[in-house]
Structure formats: C-alpha cells, structure tokens
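Chemist: Predicted model follows, preceded by the sequence.
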There are 2 protein chains.
Amino acid sequence: MLYSKLFGKTIKDVPKDATLISHKLLYKAGFIRESTAGRYYLLPLGLRVQQNIQQVIKKEMDKTGAQELITPVLHPKYLWEETNRTSSVGFELMSIKDRNEMEFVLGGTAEEMLVDLVRKFQISYKDLPFNLYQFSVKFRDELRARGGLLRLREFVMKDAYSFHTSEEDFKVEYEKMKNTYTAIFKNMGLNTEVVESDNGYIGGEYCHEFVVGSEIGESKFLMDEMGYCAHEDVAVFDPENKNLDEIEKEMTEVDAVRGNTMEDGEKLHNLPLWQQMKDVLYVDEKGRFILAVIRGDLEVNEIKLMHAVKAYQLRHATEDEVRQKLNSEPGFISPVGIKKQGAELKIVGDESLRTIKNAYTGANKKHKDYLNVNIDRDYKVDMEADIALAKEGYLSKNKKPLIAKKGIEVGNIFQLGFHYSSKMTGASFRDVDGKEKPYYMGCYGIGLARTLATVVEVYHDDKGIIWPETVAPFQVHIVGLDLEEKQVLENAKKVYKLLQTEGIEILFDDRIGVSAGAKFADADLIGIPYRVVISKKTKDQLEVKKRSEKETKFVSFEEFLKILQFSH
Amino acid sequence: MLYSKLFGKTIKDVPKDATLISHKLLYKAGFIRESTAGRYYLLPLGLRVQQNIQQVIKKEMDKTGAQELITPVLHPKYLWEETNRTSSVGFELMSIKDRNEMEFVLGGTAEEMLVDLVRKFQISYKDLPFNLYQFSVKFRDELRARGGLLRLREFVMKDAYSFHTSEEDFKVEYEKMKNTYTAIFKNMGLNTEVVESDNGYIGGEYCHEFVVGSEIGESKFLMDEMGYCAHEDVAVFDPENKNLDEIEKEMTEVDAVRGNTMEDGEKLHNLPLWQQMKDVLYVDEKGRFILAVIRGDLEVNEIKLMHAVKAYQLRHATEDEVRQKLNSEPGFISPVGIKKQGAELKIVGDESLRTIKNAYTGANKKHKDYLNVNIDRDYKVDMEADIALAKEGYLSKNKKPLIAKKGIEVGNIFQLGFHYSSKMTGASFRDVDGKEKPYYMGCYGIGLARTLATVVEVYHDDKGIIWPETVAPFQVHIVGLDLEEKQVLENAKKVYKLLQTEGIEILFDDRIGVSAGAKFADADLIGIPYRVVISKKTKDQLEVKKRSEKETKFVSFEEFLKILQFSH
C-alpha cells in the first residue's frame, strides 16, 4: 500500500472528548473515526487490524473443531419472548418492526437464534457435542459509550455456542475454551486473567471473564495468591467470626436520639461497627420490598442480592415508603419486629450475621434502638445468602488477603446449562435410550474492537502504537527519503516490489516533499513492527528498526528477509 | 473437515414453498436454513462458499487500488434526511430509535455514510480519486422475499463508493469497475451481460446491472446484435414513422358509442391501433395528475414516466377522479381541450406522437371522439419525453430488432455525479485553484448471497450442485468406503492428512455404516469439484472423479496432486 494513496492519514488533533490513550492514538494514526457515539468507522488501517484479530481467533477456534456459520442480525422477537429475555434485558435491546408489523430484535447475543437453528434438525446423541460460532455485528443500547473502541453500541463479536449431552461433556468443552481463549489473547500479546464473574442477562450458573489488567479498565476483580480470581460482583470472602464466644444477652429497647447513619449509631452506643446490623431497604422491578441485612462493617453487593431474590432491577426505598408501607423509620429499620402489613417484604440476611452476637440495630421507631439482638432468637430472615461485597484486604476462602485489580474485559465464557434448552420447545436431542432430552449448553464471546483497543492500551509509548506482529496492519513500513532523487526512488520501489513478492505486507511512505522527521513521527504513531528506511545514505542496504526497539541496523535485503522469517 | 462432525448434513426433504432449484439444492445439501422470510442462516458449508466469493471480490477490488473499510450498520437518520432519501425510499427502509430517542436507519446502501466519513477529512485534489469499499450487512424491507438466497431482506453486500475531481476522472473508474465486475463474476464461472438500468433510489443519471442470463431471473432486458443492452425499465427503441407523409386533415368531433378499451376505438373507427392516441391518467405521491399520452400500439413505461416527472410513486386515477377533478370521462380522456380546473395536471407526451398524423382519440365526453388530431395544432403537451416501453421485435436505435432476455442481477454500478455531494454540506475537496468544489461520485455493489444462489442456478444437474473451483466449499471430497476395515480406514485417514498438509481443503466422509450409494449421492448433491474414493478396491491408488465429468480415473497420490495444481 502506498501511503500517499492511503485513505486515513495521520493528523495532529484529537477529539475534545478523547481521554483514553487508545482512542487518541487510533484516531490520530488514522485507524478510526466516530459516526455516532459508540458507533465507529474502521478506516483501512483499523479494518486490517480487526481482520487480523479475527484470523487469530478463527485459527484457534477451528483447531478445537468448532464450526463457523452465520445467523441473521435481525432476530424474530418471539424467540426472545420464548426465553423471557425481552423483559429481563428490555432496556438494552433495540427492537424494530418491518412493513408487515413483525417485530425483531437487533441481536445482542444469539443464544435463541442458535437454539432455533439447531432445533430445525433432528439431533441425536451421536451428533453431539458441537460448538458453532460466528463473527457478526452485535448491538447494545448502552446508557453511555466510552470513547474509542472500548465500549461500543455496535461491534463485531465472535460468539460461540456449544451443545452437549451432559454437564460432564460440557465441562470438557468449557476447559477447552478457557485454554483456547487464553491462547487467542496470548497470540495477540495480551495476558489475561480468568475471572469468575456475574452472568448478567445471559443466564446460567457461572461464567468467567478474560481480563487484561489495566488502570483504565472497568472490570474490578479480586485475587489471592492461591489463584482465586473473581469479579467484584461475585467475589466471595471469609467474613471471619467476631465475637461468637460471647454469651447471648437479653435484648433491650433503648432511647437512641441520633442521626440516621451507621456512624451515628456507632458513636451513640460506643460499640464496634461490626457489631451493628446494617439494614438496607430496596424495591425491585415488581414493587417487592427487599430488606437486606448485613454486618455493619460490610457492604451489600447488589448483584449478589439481585441473584438471591431473582430480581432484575433494584432501587432504594424512599423515606415515605419506609414510613407508610412498612411502618418503620428511616435510619431505624431492622428485621426485629418489622411489620409486613400491606406490602410484600422479603428479608435477606447475609451469612455474616452468623459471625456476631449481641448486635445493635434500629427498633423500627424514631429514636429507638435495640441492643443485644441475636439471629434466630430475636428475628428471622426469609432467606440467608451471601450478599456481601468483597474488598481488598479481606481474607479469601483460602485465608489469604484479597488484592484488588482493574482490567479490561476482552472475552467471556458462560455455562448456560439447561437455561435455554428448558425454556425453548424442541430444544432437545434423542438420547441412547431413545428419549428426547434437553441439551446442556455453553456460550463463549470475544468483542473484536474492544480487543483491538486493549492491544493499543497495552502496546504503546509516548510516540504512538507498537503493534504486536500478529495483529499489525502491515508487517513492514518502508520510509522512503530523498525520493526526489530518481535512483533512490527506483531503489525504494524495487525493495517494495521484492518484499511484496515474498508475501510481506508493506506500507510504503512514498510521499515526496514531506520531511524525514515527519515521516518518522508518522511511522512511530502508526506502529508497524518493522521500519525500513531507504535513502541516499542507505545505498544497497536497508536501515531497519523495530518499532519496539531503539537500535537501528544496516542490513542487506536477504538479511532482512531472514529477520522477518525468524520473527514468525 | 470430517463429514461425521459437520453441522448441516444432507436431507431428502425440501421446504414446501421451495420452487427455485438453488433454494432446493442449498437446503437439501445443508448450506442454508431459513430464519424468517428473507433472512437466512448460512450453515458451515454455505458460509465457506460466501467467504470464497468474498475473497474473489476482494482480490479484484484490491487490484484496482480500492481500499476496504467498514461503516456502522446503524446510520443516523439525519444523514438520510440531508439527501431527502427518507421520503424517496421510506417504504423500504427500516428505522429504529435508541434509548435516547435518536433515530437510525438500518443501512440499505451507504452513500450518505461514506460522504459523512469523507467530509470529516480535509480532502484536496491531490487525495483524489479514491474508491472505498466494504462488505457489510444490508437491510431491505422488501414487500416479498423470494425463496432461498435470491431476494433477501438481510444480506452481505460489497458496496464501493468512488470520489473524483471531475466527470472525466470518474469515467475512467466506471470503466475500470465495469471490467473488474466482469472479471469477478467470470472468476466464479458467471458470464454477465452489462445492462443499462434504472438507478432506482440510488440517484445519479445512469447505471448498469450485471445480469446472468436465467429463465428464473427477474431482470428483463433487451439486446440487439450491435451490443445494445438495456433493462426493460430504460430500454429505448426507434418507434418508426407511421404516416408522416399524410396531409393534416381537419379535426372533427364524432359520436362514438363504444366501450372504454383501445380495441373498442379501433373497431368503431376501423383505423389502425397505431393511429389511436393512448391516454393514461396517473396520480403521483403528491396528488398531482399526470396524463401520459402515447401512440396507441405502444405501452407507457411507468419507470421512465416517473423519472420524467420526478415522481416516486404512481397510481392509476379512479373513475371518480377522471369525472370530478378533470371533467372528463373514463375511456374518453385526451389532451385535446382537457380542462385543468381545480386539479394540478401535467400532460406528458411520448416522442412517438411525432410519428403519426391524423390521430383519433376521446373528446373528454362520454361517447364522443375526435378524428384527425395533430400535435401542436390541436393539443399541446407540458413535456415531451420518451415514456415508451420497449419490447422484443421493436427496432433498436441501431435499426436492429431487439431481443428480450431474462436474468438475475448480481451486481450494479452507478454514476452518482453530484447527486450526493451537492446535497450534503461540506462534501467537497479543495481544487488546484484553492476553491472548495463538490466531488463527483460513483458507487458499485454486489450482493454476495444472491451471487451464491446464481452460481447454483447455473451450475447444477439433476443430482446436485456442481461448484466452480474458485467458490467451492472444499476442493476435494474424500468418500471413504469399507471403513470398518481397519487398513482402509487408516489409508483414508493418511490420504486426508497428506492432502491437508498440501494446503488442500477436504471434506472427508468418514461415516461408518452408510452405504456407498448414499455417500455418492451426498457427494453429488454437495457438489465439491473432486471426489476421491478410497475403498478396499482402490489399494494404493485414488479413484478420482470430477463432479462435472462422468469419467472415473485411478491415479496415484502424486498424480492427483498434479491434477489439482494444474486446475488452479
């Protein structure tokens, strides 16, 4: 490719709202332009990188025996209704009607589509397992898009769906995909942590994110030195027993002229924060009241809470609701003697309540608290669950301190189990015994554009991008200098042609009238692995520099070919 | 690929509504499944063919210096409003709002998107020309979808857009694209006619379709032996002078107790059909009345008429409208003395009116006709234009008879001129003289799935598909027989591996317990170019048969490699 002809050359300015380094560099170097917020054009350079990423993914997926196909982008809405996902994720989905008033959803993930495809076939246990994947455009009506390619509203995703006769068989594939994903990212130069995560609206019981450590990442996770690694949303820890050897004292109601905060209670009673009960009242999407009760030094993890009570949305109750629906008082709520009259109330107690004795908490009346409250004896909960938010420094279940990390989620894998096959009719296979049984499923996703941006976040310096060779838009960047001299120009063209003959992809900066400094700056910004200068100085040799190194070498054409071959 | 593992095996049944051979074969052979009408899954075999087609296109496009990029699927609607295309094509477009009530259009073509991208750059005459293309999903809310892949509502299109400083420069690219398209289709085994066509809602002044002759095609076009070739919608012809040497007689109004048809007039007056005037009254989308007047033996071409009067939609006027709005009478309308009171009326006269003298026509009153009507003297038209439908047997402008043909449109190229750049602000380049000028544009499209189906329509026999090698899903189909015998199985696996090592793509029918007949039938149905049988009979040799030939040969592995190399 001649740089003089390339559509999308480097520029100096960056968009005003660009804060992320990948956004700035990809824009300046001519890889991307924004269409509308969260929807980008990939310019020729950007598309080449994305295509290379696609190739890296395809190669590893094919090795596992997974088969590529493609589904339509417009999913008939009745499929999403069959699994009830329209109500669970309605706010992120975009839907559309055709001229015949048929409703469609713009595909965000394609579980229903794949099940609908597979159930068009008569599947028997002999056909299973299989893993079907595609590269297709996905749509997410995100509340906010991040700058650049890190959080898009429209992007190409590699999504794969596997079908199995049993959980055991699925687990083999899940491990295979874990390893495959690790290899895929490694092939692009990305080291990933495999992080236990929340399954969001995909369904199923467990899943893992592949996260590249980065300060600008939005995935917060916790690790211990024994290999435990989990997203903040789902991380578990050992809340440690506090005073279980104390004798249970008699519960008493006391005056408590205090403010509404935890600290106000702590000060008034001069007791440790952990001995206080924290009571948080929520309302879910159906109008149910959820009272989350947890040890005072811990925080409620709303994701865990939502899963525990099977809610899709939670909000805090208003002061009026506390008073009018539950006859209680803001700042003084507690499960002790709370009246459920009129409103549906579910009390969820965190497991940490069993690590303390003689707790103190509000008495559901203004300026009244209870002291020496003990679970089972003084109050009961409707459900006990782990609803606590893990934090750095807490002990893991391995009794090792948790370390907090941040990173960018580039992929994820999900156990789906029977989540879809049990809801969709005909989602079954004929087993050895001749009976129709639902298949056991998993799914596996990688966002290509976010991966591309992540590579830039990891591989850059103050001059520009430093592409790993596997994904670089070109392998070699020929910088022609002194091209107004005919012989130099001829020589540069000859090298360009010869390298092309060898199957090497080259960007040739053939511009005349642009300074050496400007050309070097452009080469550094664009970040192609090998820069080859051809000038009146270089004569029969090539002046070669790796983008990732400082040193410049003068080598012959043949030596340079060897360097390139060796690097693969 | 092992056939035993392939997702999407052959079946015997076809969908009830399948009438097209490509639909039946692609379905039976396991290449496609329908999701909703006009939206298809491409199964692994089908996707492989589409990817090969994409590669053939990409290779030829890249040769011309065109550059691949990609635009979002969701186009902001304000861009389509900028060019006023929302009103001209509203009924085929699908639009959607995001959570912020921003409106988008699902991309059907991407002229506005490309102009919007290009205007983000400071383009000068030095940057021009360039041609930018993409492979992206397109949406057409078609009234009806045809079975299979021939007319889809969602499909991958290669769409390209070129930008030029001048019409002359554009014409060079247009010729280049004509040749490139011809080469692309030829590389897939398709011979195309380059047919002058209507530009539909794309805009611009002229365009050409690439049409593969086929009885099931929906493109009707006319050719002559001198190389003239045009779609029925736009074809021109020589209407030939009829009686221009007659002297103009005096116009008279006569009683005409007759029915409303042309034949009724012909019988009553005992004069030739061509001497009658045909008067057809239409109403356009704005409520304007359009009276199309043409020689009685010809038919009005509504596409030409719409272009002439710049209308997007036409319908026939009702009898009430004829009477109440134009004070005329159905069956007796004519431009002679028609009263325009109250309604906006535009009279469009076809050029054929100048080929006759002393015509007869209605007198805008029931049972009254005029005889000896002559243009200019007895009536005037608001516009003279070619609005006649060409037909087989008419003389072309080369004075040769036109021959009617049918075919499948697989691609098209459009002159856009300043159609977009004049409507969109900032769609300009800085010229040599330092002034900002609109660029001159063209666009060029190929539907991949329709091309795929067309290949099948052309290449099949009663047993199945016969894929050309360039697009075949695999190059070689190994049919293993007697695989329950260990040595035969080992041998088959060995050949499979060795061919893979040579970089050859193979489908290996490794099924045990399936008859030779069934395997041969499957191989014929799927249509891979080379069938290689390995059985206890073949020993060290391979039993090779080309899908397109009858003859079977026994050759050594090395000989077979030579055959394959020779074929490329």
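Modeler: Looks like it arrived, so ask away.
Chemist: Can you show me the helices along chain A?
Modeler: A:21-28, A:44-63, A:77-82, A:85-89, A:111-118, A:167-187, A:262-269, A:302-309, A:319-326, A:448-458, A:486-501, A:516-526, A:557-566 (DSSP state H).
Chemist: Could you dump these into a markdown table and include distance to A:Pro473?
Modeler: Glycine gets a C-beta too; all of them are placed from N, C-alpha and C. Shown next, in a markdown table, are the helices of chain A (distance: least, Cβ to Cβ, whole Å):
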| stretch | distance to A:Pro473 |
| --- | --- |
| helix A:21-28 | 11 |
| helix A:44-63 | 4 |
| helix A:77-82 | 37 |
| helix A:85-89 | 35 |
| helix A:111-118 | 32 |
| helix A:167-187 | 17 |
| helix A:262-269 | 54 |
| helix A:302-309 | 39 |
| helix A:319-326 | 57 |
| helix A:448-458 | 11 |
| helix A:486-501 | 15 |
| helix A:516-526 | 8 |
| helix A:557-566 | 16 |
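Chemist: For B:Asp482, find the nearest of those helices.
Modeler: helix A:44-63 (29.4 Å; Cβ to Cβ).
Chemist: Let's have the helices of chain A in JSON lines, adding distance to B:Lys346, mean pLDDT and mean neighbour count.
Modeler: Shown next, in JSON lines, are the helices of chain A (distance: least, Cβ to Cβ, whole Å; pLDDT from 0 to 100; neighbours: other Cβ atoms under 10 Å in any protein chain shown):
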{"stretch": "helix A:21-28", "distance to B:Lys346": "51", "mean pLDDT": "97", "mean neighbour count": "23"}
{"stretch": "helix A:44-63", "distance to B:Lys346": "48", "mean pLDDT": "98", "mean neighbour count": "20"}
{"stretch": "helix A:77-82", "distance to B:Lys346": "45", "mean pLDDT": "93", "mean neighbour count": "18"}
{"stretch": "helix A:85-89", "distance to B:Lys346": "50", "mean pLDDT": "70", "mean neighbour count": "17"}
{"stretch": "helix A:111-118", "distance to B:Lys346": "50", "mean pLDDT": "98", "mean neighbour count": "24"}
{"stretch": "helix A:167-187", "distance to B:Lys346": "64", "mean pLDDT": "98", "mean neighbour count": "18"}
{"stretch": "helix A:262-269", "distance to B:Lys346": "80", "mean pLDDT": "96", "mean neighbour count": "16"}
{"stretch": "helix A:302-309", "distance to B:Lys346": "65", "mean pLDDT": "94", "mean neighbour count": "20"}
{"stretch": "helix A:319-326", "distance to B:Lys346": "68", "mean pLDDT": "93", "mean neighbour count": "16"}
{"stretch": "helix A:448-458", "distance to B:Lys346": "52", "mean pLDDT": "98", "mean neighbour count": "25"}
{"stretch": "helix A:486-501", "distance to B:Lys346": "60", "mean pLDDT": "96", "mean neighbour count": "15"}
{"stretch": "helix A:516-526", "distance to B:Lys346": "58", "mean pLDDT": "98", "mean neighbour count": "18"}
{"stretch": "helix A:557-566", "distance to B:Lys346": "69", "mean pLDDT": "91", "mean neighbour count": "13"}
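Chemist: closest one to B:Asn260 among those?
Modeler: So among the helices of chain A, helix A:77-82 is nearest, using Cβ to Cβ, at 48.6 Å.
Chemist: Could I get the CA-only coordinates of the closest one as CSV?
Modeler: Extracted as CSV, the C-alpha positions of helix A:77-82 are listed here (Å, rounded to 0.1, in the frame of the first residue of the first chain):
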residue,chain,number,x,y,z
LYS,A,77,-38.7,-11.1,18.8
TYR,A,78,-40.9,-14.2,19.5
LEU,A,79,-37.7,-16.1,20.2
TRP,A,80,-36.6,-13.7,22.9
GLU,A,81,-40.1,-13.9,24.3
GLU,A,82,-39.8,-17.7,24.4
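Chemist: Thank you kindly, that will do.
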